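A.B. asks: 3D model of this:
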Amino acid sequence: MADSVAAPLPFSGALTSALCAGIALWTHVSAGKQTAALAVASFALLAAHLAASDRPRFSQLTTSVFGLFYCGYLPSFWVKLRLLSAPAAGAGLAARWPAVFGGPTSYTVGLAATATAVACVAAADTGAYFLGKTLGRTQLTPSSPKKTVEGAAGGAASAVAAALGTRAVLGWPASPAVSVGLGLLVFAASLFGDLLESVMKRDAGLKDAGDLIPGHGGLLDRFDSYTFTGAIVYFVLRFMVPMFGV
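C.D. replies: Purely as a prediction, here's the structure:
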């Protein structure tokens, strides 16, 4: 069974990276329509595999397409989130939004939500790390042995504090209760994104997902918590409670 899983072809990494960047760019240019970009990128990558190999393995194809989904399609939801154009007219900062940046009507839900989500992810990661390192005793899950229940509690509390703090600065969302809910939602999305990356690293036999940042692992080790967060926040704002806090 060990040889049933084949590694992607050598050129796959570079091509996947270029196509992932293309998905993000297309999402911006097309005002959020990234599904077709993912389909075209998948076709291009699979066609390249078929042309470059006499006997491509199915596992090579699926791994490559997953890379497009994980590193291209999911992060592009941050672009979609930022492009939410409903003005956050009720926000206190809107009235003071500089004319050079478009004035009050340019202070949108997308801008406020993106800033809030990023702040919550950063706070969740920081709170989980320090409280887990200081007080962590109870393992959270075997999938990631170093994560603890105490660290998760610290991350959740820090994310909620960040959401309430950004609300005080940005004036969005309108209700403190919504801020608390948003903080918890972002924490959950960031935690499971981190756990998923831990599973991928363990399956690949890696300690870190690269060595881009010495002492901090690779690029995915720094941004795994953001991978699903943009999509989750966008979905909630767009479809479940449309433009809440406006």
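A.B. asks: could you use CA atoms for every contact and neighbour count after this?
C.D. replies: OK.
A.B. asks: show me where pLDDT drops low in this protein?
C.D. replies: Of all residues in the chain, those with pLDDT under 70 make up the ranges 1-8, 89-92, 94-95, 99-105, 201-222, 242-246.
A.B. asks: please parse it into its domains.
C.D. replies: 1-73, 84-246 (automatic domain parsing).
A.B. asks: distance from the shortest one to the middle of the chain?
C.D. replies: When you say that, I think you mean domain 1-73. Put simply, domain 1-73 sits 18 Å off its chain's centre (C-alpha atoms, centre = their mean, to the nearest Å).
A.B. asks: on that earlier part again, buried deepest among the domains of the chain, which one?
C.D. replies: Highest mean neighbour count of the domains of the chain: domain 84-246, a mean of 19 (counted as mean count of other C-alpha atoms under 10 Å).
A.B. asks: dump stretch 229-240 to CSV, restricted to CA.
C.D. replies: The C-alpha trace of stretch 229-240 is given here as CSV (Å, rounded to 0.1, in the frame of the first residue of the first chain):
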residue,chain,number,x,y,z
THR,A,229,-11.7,32.1,7.9
GLY,A,230,-12.3,34.4,5.0
ALA,A,231,-14.7,31.9,3.4
ILE,A,232,-16.6,31.3,6.6
VAL,A,233,-17.0,35.0,7.5
TYR,A,234,-18.0,35.8,3.9
PHE,A,235,-20.6,33.1,3.9
VAL,A,236,-22.2,34.3,7.2
LEU,A,237,-22.3,37.9,6.1
ARG,A,238,-23.5,37.2,2.6
PHE,A,239,-26.0,34.4,3.1
MET,A,240,-27.0,33.8,6.7
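A.B. asks: need the residues that contact that stretch.
C.D. replies: Residues from elsewhere that reach stretch 229-240, judged by C-alpha atoms under 8 Å, 6 or more residues apart in numbering: 74-75, 77-78, 80-81, 114, 117, 182, 185-186, 189-190, 193, 242-244.
A.B. asks: likewise stretch 111-130?
C.D. replies: Residues contacting stretch 111-130 (C-alpha under 8 Å, 6+ apart): 78, 81-84, 88, 150-160, 162-163, 166-167, 170, 172, 183, 186-187, 190, 225-226, 229-230, 233.
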